[in-house]
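Q: Got a predicted model here, sequence first, then my questions.
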Amino acid sequence: MDLLAEHHLQGTSAVFYIPNFISEDEERYLLRKVKDSPKQKWKTLNNRRFVPLFHTGGEVLQKNILFRQDLPPFMNDFPDVLGRIRFLGAFNQSPHKGPNHIILNEYHPGQGIMPHEDGPSYHPVVATISLGSHTVFHYYRYNDKDSLSVDPGSMGRSVDPAPLLSLFLEPRSVVVTTGEFYTTHLHGIDEVDADTFAGDGFLLLPNGSYSQIVNRHMIQDETVVGIIESGGKVERTTRYSLTCRDVEKVVSGRVAGVVSRT
Ligand SMILES: O=C(O)CCC(=O)C(=O)O
Ligand SMILES: [Fe+2]
């Protein structure tokens, strides 16, 4: 079986979780590079409140076209993160056979990202690497379950607050999201300082209900496993995520000024 198939999450058609995708040495190196990035590259977007972003690999404009810029060398040199992602095979059907666009998100404890879809600018596969801290990543569905395609005008549709799937993402892991989890579902991260477990994998949600961690049997950190299974809190520290996708339409050229993302 290949690496991706071995890490398929049971009960999902198209979500894969691979722990230790990045080694501890590589994580230290990447975190140093990330922190050395020029400050002016960090941005805050409307729908990503309090989460500074920086785009590498290009900018997606309103027409869903990527203006090519070079990816920072640390994504291709050491460690060869993009090569490693391509090797998984999840992007074999994507136009460029691998990610050409990376967003680096920074989350301090208490920060998260509202449930959203990544939208039609990208080929419907996303690989998300976590560095520095764990987080809990939820997938959600819309209440009107008969809608079957990515709908850029979906802002007004109501989202079922009960996560469809909750994953514990360890630092250095990658999660690969494809299929309907990309095209019809949403994903988000709760704005909490710590993740609270009631035992048997059940996470306490901010609204007082519970959601069971589906990848609990794949968690490597024994202390964390103990807390997830027996109850307790796992405190968040600062997490950086690398969201790697393939923008379908790419043109060469320089982009001037501030651009917005759909
Ligand atoms: O940081 C994450 O894990 C998720 C980021 C995300 O959903 C995005 O950049 O679209
Ligand atoms: Fe996203």
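A: Noted; the coordinates are in hand. Residues are numbered from 1 along each chain as shown. Ligands and ions are numbered 1, 2, ... in the order given.
Q: use CA for all of it now, contacts and neighbours both
A: OK.
Q: Would you mind writing the CA trace of stretch 194-213 as CSV?
A: Backbone C-alpha positions of stretch 194-213 (Å, rounded to 0.1, in the frame of the first residue of the first chain) are rendered in CSV as follows:
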residue,chain,number,x,y,z
ALA,A,194,-6.4,24.7,24.9
ASP,A,195,-8.3,21.7,23.7
THR,A,196,-10.3,20.0,26.5
PHE,A,197,-11.0,16.2,26.3
ALA,A,198,-13.6,14.3,28.2
GLY,A,199,-12.0,10.9,27.6
ASP,A,200,-12.5,8.2,24.9
GLY,A,201,-11.5,10.7,22.3
PHE,A,202,-14.3,13.2,23.0
LEU,A,203,-13.4,16.9,22.6
LEU,A,204,-15.4,19.5,24.4
LEU,A,205,-16.6,22.1,21.9
PRO,A,206,-17.0,25.8,22.7
ASN,A,207,-20.8,25.3,22.5
GLY,A,208,-20.8,22.6,25.2
SER,A,209,-21.3,19.7,22.9
TYR,A,210,-18.7,17.0,22.1
SER,A,211,-17.0,15.7,19.0
GLN,A,212,-14.9,12.5,18.8
ILE,A,213,-11.4,12.8,17.3
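Q: Just checking the distance from that stretch to the centre of its chain.
A: Centroid displacement of stretch 194-213 relative to its chain, using CA atoms, centre = their mean, to the nearest Å, is 20 Å.
Q: One more: stretch 17-27?
A: That offset, for stretch 17-27, works out to 15 Å (CA atoms, centre = their mean).
Q: do the same with stretch 129-149
A: Chain-centre distance of stretch 129-149: 9 Å, with CA atoms, centre = their mean.
Q: ok, is that stretch in contact with ligand 1 or not?
A: No: applying CA under 6 Å from any ligand atom, one finds stretch 129-149 separated from ligand 1 by no less than 6.8 Å.
Q: Of all the residues in that stretch, which ones are buried?
A: 129-142 (16 or more other CA atoms under 10 Å).
Q: if I look at T184, how far off is Y142?
A: 8 Å (CA to CA, to the nearest Å).
Q: Let's see which of the buried residues of stretch 129-149 end up in helices.
A: Among these, no member falls in helices (DSSP state H).
Q: so can I have CSV of these showing pLDDT?
A: Output for those, formatted as CSV (pLDDT from 0 to 100):
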residue, pLDDT
I129, 95
S130, 97
L131, 95
G132, 97
S133, 98
H134, 98
T135, 98
V136, 98
F137, 98
H138, 98
Y139, 97
Y140, 97
R141, 95
Y142, 94
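Q: May I ask which two of the residues you listed are separated the most?
A: G132 and Y142 (31.3 Å; CA to CA).
Q: that's a strand at I227, yeah?
A: No: remark: I227 does not belong to a strand; assigned using DSSP: H, G, I helix; E, B strand; the rest coil, it is helix.
Q: Hmm, it is touching F197, no?
A: Yes: because the distance of 6.8 Å satisfies CA atoms under 8 Å, I227 is recorded as touching F197.
Q: which neighbours do those two share?
A: Taking CA atoms under 8 Å, 6 or more residues apart in numbering as the contact rule, I227 and F197 both touch K233.
Q: what's near enough to touch the nearest residue to I129 once chain neighbours are set aside?
A: Excluding the flanking residues, the one nearest I129 by CA to CA, 6 or more residues apart in numbering is V174, at 4.3 Å. V174 makes contact with Y17, I18, P19, N20, F21, A127, T128, I129, S130, according to CA under 8 Å, 6+ apart.
Q: So V174 versus ligand 1, what's the distance?
A: 9 Å (CA to the nearest ligand atom, to the nearest Å).
Q: Share the number of residues neighbouring the nearest residue to V224 once chain neighbours are set aside, please.
A: With CA to CA, 6+ apart as the criterion, V224 has its nearest non-adjacent residue at 7.1 Å, and that residue is V234. V234 has 17 neighbours, counted by other CA atoms under 10 Å.
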